Structures are given as structure tokens and as C-alpha cells.
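S.K.: Return atomic coordinates for the entry below.
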Amino acid sequence: MDTSHHTLNDLFAQLGLSSDDGAIEDFLERHHLSGQEELSKADFWNDGQRKFLRDAIAEDANWCEVVDELDALLRH
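M.R.: Have a look, this model is predicted:
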């Protein structure tokens with residue numbers, strides 16, 4: 001079991017997205033979640049990304065903290 005601490009950059013790389021700080025800032029400027037919208041159901045993810053995000057939370061995986069961080073950042 002991988003117990004390492006994952007960063008936001010790691011998460012973006014895992015999702016197949018550009019993971020440098022500038023690319024993450026651009027992503028956060030272009031994408032937002034509203035109200036009770038679930039992170040994994042947002043229309044800007046592909047099916048594989050949705051599954052990864054859904055599983056990370058459902059399984060309380062070692063990715064869940066950084067997935068929660070992304071969720072919070074997308075709500076600002």
C-alpha cells in the first residue's frame with residue numbers, strides 16, 4: 001500500500017493533466033463547482049478521471065486528502 005503524501009501536482013499528473021503550477025492555476029481559473037455539485041460528476045472530467053476521483057473518495061484512498069483539496073479549490 002502506498003502511504004506517501006500526494007500533492008496537487010501529483011494529482012494533476014495522475015489525472016493526465018498538465019501538472020506544473022501555472023497549468024494548475026489556469027485550470028482552477030477556468031473550472032468551478034457550484035452548490036452541491038459533486039467533484040467527480042463535473043462535466044470537465046473524462047470518464048477515467050471521474051472514476052479515479054470517485055474511487056479515491058469512496059475508498060478513502062491515500063489520494064483522498066488532495067482530492068478534497070482540489071474540490072475546495074474549485075469552489076472558490
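S.K.: so who does residue 74 touch?
M.R.: Applying Cβ atoms under 8 Å, 6 or more residues apart in numbering to residue 74 gives the contacts 28, 31-33, 39, 42. C-betas here are computed from N, CA, C, even on glycine.
S.K.: try 10 Å this time
M.R.: The contact partners of residue 74, by Cβ atoms under 10 Å, 6 or more residues apart in numbering, come to 27-28, 31-34, 37, 39, 42, 44.
S.K.: outside of the helix or strand containing residue 71, which residues touch it?
M.R.: Using DSSP states H and E, residue 71 falls within helix 64-73. Contacts to helix 64-73, defined as Cβ under 10 Å, 6+ apart, come from residues 5-12, 14-15, 24-25, 27-28, 31-33, 37-40, 42, 52-58, 61, 63.
S.K.: returning to that earlier point: give me the buried entries from the contacts of residue 74.
M.R.: Neighbour counting over the contacts of residue 74 (16 or more other Cβ atoms under 10 Å) leaves 27, 33, 39, 42 as the buried ones.
S.K.: The first one reaches residue 17, doesn't it?
M.R.: If I follow you right, that is residue 27. Yes. The pair residue 27 and residue 17 qualifies as a contact (Cβ atoms under 10 Å) at a distance of 6.7 Å.
S.K.: biggest helix in the protein, by residue count?
M.R.: Ranked by residue count, the top helix of the chain under DSSP state H comes out as helix 47-58.
S.K.: For it, buried residues please.
M.R.: Under 16+ other Cβ under 10 Å, the buried positions of helix 47-58 are 49-50, 52-54, 56-57.
S.K.: Just the CA atoms of stretch 21-33, as CSV, please.
M.R.: This file holds the C-alpha atoms of stretch 21-33, laid out as CSV (Å, rounded to 0.1, in the frame of the first residue of the first chain):
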residue,chain,number,x,y,z
ASP,A,21,2.0,25.2,-11.1
GLY,A,22,1.0,27.5,-13.9
ALA,A,23,-1.2,24.9,-15.6
ILE,A,24,-2.9,24.1,-12.3
GLU,A,25,-3.6,27.8,-11.7
ASP,A,26,-5.1,28.1,-15.3
PHE,A,27,-7.3,25.0,-14.7
LEU,A,28,-8.6,26.5,-11.4
GLU,A,29,-9.4,29.8,-13.1
ARG,A,30,-11.3,28.0,-15.9
HIS,A,31,-13.2,25.4,-13.9
HIS,A,32,-15.6,25.8,-11.0
LEU,A,33,-18.0,23.7,-9.0
